[in-house]
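> Sequence and computational prediction follow.
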Amino acid sequence: MVPQPGTWYSRGTRLTAVVGEYAYFDGRASAAENFEERTGIAQWNGSRYIPVAGPASSYESATEYSSHELRAELRDQ
């Protein structure tokens, strides 16, 4: 993954899980967002992963003490 200027992941990206041809990745637009990165989905195009969806809301939330609170989301289908 390569950060792209002007996107929500312009400062940095990190692959977090690969499932077949898809990967989840974390990204941020600025240094200030380092503690609350957002998640996107990328697809393998034969030579690299290309972002196809996102961002989803952050699942790590920084506390006032700089630690992280993990959050989950329950959805009815």
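Nice, thanks for sending it over. Numbers count the residues shown, from 1 in each chain.

> which stretches of this protein have low pLDDT?
57-60, 77 (pLDDT under 70).

> And the strands in this structure?
Here the chain has its strands, by DSSP state E, at 12-19, 22-28, 38-44, 49-56, 60-62, 68-70.

> Deepest-packed of the ones you listed, please.
Ranked by mean neighbour count, the strands of the chain are led by strand 22-28 with a mean of 20 (mean count of other CB atoms under 10 Å). Glycine gets a C-beta too; all of them are placed from N, C-alpha and C.

> Based on its surroundings, how many neighbours for Pro3?
Counted with other CB atoms under 10 Å, residues neighbouring Pro3 total 13.

> residue contacts, it?
9-13, 27 (CB atoms under 8 Å, 6 or more residues apart in numbering).

> picking up where we left off before, rebuild the strands of the chain as CSV, extending it with distance to Pro3.
What follows is the strands of the chain, written out as CSV (distance: least, CB to CB, whole Å):
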stretch, distance to Pro3
strand 12-19, 6
strand 22-28, 7
strand 38-44, 12
strand 49-56, 10
strand 60-62, 19
strand 68-70, 22
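
> Please name whichever of those is nearest to Asp76.
Of all those, strand 49-56 sits nearest to Asp76, with 17.2 Å by CB to CB.

> Partner strands of that closest one and their direction?
Using DSSP bridges, strand 49-56 pairs in its sheet with strand 38-44 (antiparallel).

> List the contacts of stretch 39-46.
Contacts of stretch 39-46 (CB under 8 Å, 6+ apart): 1, 8-9, 15-16, 21-27, 49-56, 58-59.
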